[in-house]
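Student: what would the 3D arrangement of this be:
(one chain, ligands or ions: 1)
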Amino acid sequence: MTFTVLTLFPELLTPFAATSIIGRAVDRGLIKVETVDIRDFAGDPHRTCDDSPYGGGAGMVLKAEPVGDAIESVLRRRATKPRTVYLTAGGAPFDRDLARSWAAEGRELLLLAGRYEGVDQRVVDLLVDDEVSIGDYVLIGGEVAAMVVMEAVARLVPGVIQAASLAEESFEGDVLEYPQYTRPAVFRGVPVPPVLLSGDHARIREWRRGRAAERTARLRPDLVRRSEPCSN
Ligand code: ADE
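Tutor: Sure thing, here's the model as predicted:
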């Protein structure tokens, strides 16, 4: 699966694409991470990509021409049309279900990382398929959000991580993951819960289920409400 990030700061993506599980997946040919520098499509010697907003107001807007040209330069080179996604605080919530559906679709993701006050709306209207936000806060730019989307999708691409890790993790079945422990058996005087050393796998499963339910009720009561059956 290919991820192509359109950005004013491609250097932010370089260590991301070369490190840890993502780096290994790239090396193994399971995913590709490419960047397109929007500034390469600016039409002037200063490589200007922003301008003040029509109608007034604070801040600057990413200009339509360089962004539009950057997107179209990628679309022209592809036999299959990528899904073009604009990362913006004003987008629809990005969540597990979206990550799953994009990973299953397997289509290239063209991730447009916004900066300033946003991208000229005409580019969004003409060329963007989805607008997504990674949370209810405003980032300085969309690059970190693009990395979040890439991690969430790439780890669902077959072979990127072990299938067993996917089965038991947070949000599977709307329940958070149970707490994990490893050696040493006692840390700063705090022992590992004895049941985990018992070798009794049925009891361990039961204990983990209970801890996961307790954690979910405490940290994500909204998930508990969501999974409760309707009474009418
Ligand atoms: N750009 C700025 N804030 C963002 C957010 N919360 N999600 C996605 N892109 C963004």
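Student: what sits against the closest residue to residue 93 other than its chain neighbours?
Tutor: Nearest residue to residue 93, sequence neighbours excluded (CB to CB, 6 or more residues apart in numbering): residue 133, at 6.1 Å. Just so you know, the C-beta spots here come from the backbone N, C-alpha and C atoms, and that holds for glycine as well. Counting by CB atoms under 8 Å, 6 or more residues apart in numbering, residue 133 makes contact with 87-94, 145.
Student: change it to 7 Å
Tutor: 88-94 (CB atoms under 7 Å, 6 or more residues apart in numbering).
Student: summarise which helices and strands the top strand by length along the chain is packed against.
Tutor: In the chain, with assignment by DSSP state E, the single longest strand is strand 83-93. Other helices and strands packing on strand 83-93, by 3 or more CB pairs under 7 Å, 6 or more residues apart in numbering; DSSP states H and E, are strand 109-113, strand 130-133.
Student: of all these, which lies closest to the ligand?
Tutor: For these, proximity to the ligand was assessed by CB to the nearest ligand atom; strand 130-133 is nearest, at 3.9 Å.
Student: that closest one close to the ligand?
Tutor: Yes. Using CB under 6 Å from any ligand atom, strand 130-133 reaches the ligand at residue 133.
Student: give me the sheet partners of that strand and which way each runs.
Tutor: Here strand 130-133 has these sheet partners by DSSP bridges: strand 83-93 (parallel).
Student: what's the partner strand in contact with?
Tutor: With CB under 7 Å, 6+ apart, strand 83-93 has contacts from 71, 102, 107, 109-114, 118-119, 124, 127-133, 138-139, 142, 145-146.
Student: following the chain onward from the least confident helix or strand in the chain by mean pLDDT, which element is next?
Tutor: Sorting the helices and strands of the chain by mean pLDDT, DSSP states H and E puts helix 163-167 at the bottom, at a mean of 77. Where DSSP states H and E defines the elements, the next helix or strand beyond helix 163-167 is strand 186-187.
Student: who does that next one pair with, and is each partner parallel or antiparallel?
Tutor: strand 190-191 (antiparallel).
Student: re the thing from before, please identify the buried residues of the helix or strand that the longest strand of the chain is followed by?
Tutor: Scanning forward in sequence from strand 83-93 by DSSP H and E, the next helix or strand is helix 96-105. Residues of helix 96-105 classed as buried: 98-99, 102-103 (neighbour count, 16 or more other CB atoms under 10 Å).
Student: tell me how many other residues crowd residue 18.
Tutor: The tally of other residues near residue 18 (other CB atoms under 10 Å) stands at 13.
Student: and this protein, which residues reach the ligand?
Tutor: So the chain meets the ligand at 87-89, 114, 133-135, 137-139, 142, 145 (CB under 6 Å from any ligand atom).
Student: returning to what we had before: would you mark the buried spots in the least confident helix or strand of the chain?
Tutor: For helix 163-167, a neighbour-count test (16+ other CB under 10 Å) marks nothing as buried.
Student: ditto for stretch 185-203
Tutor: Neighbour-count burial for stretch 185-203, counted by 16+ other CB under 10 Å, picks out residue 196.
Student: cheers, nothing more for now.
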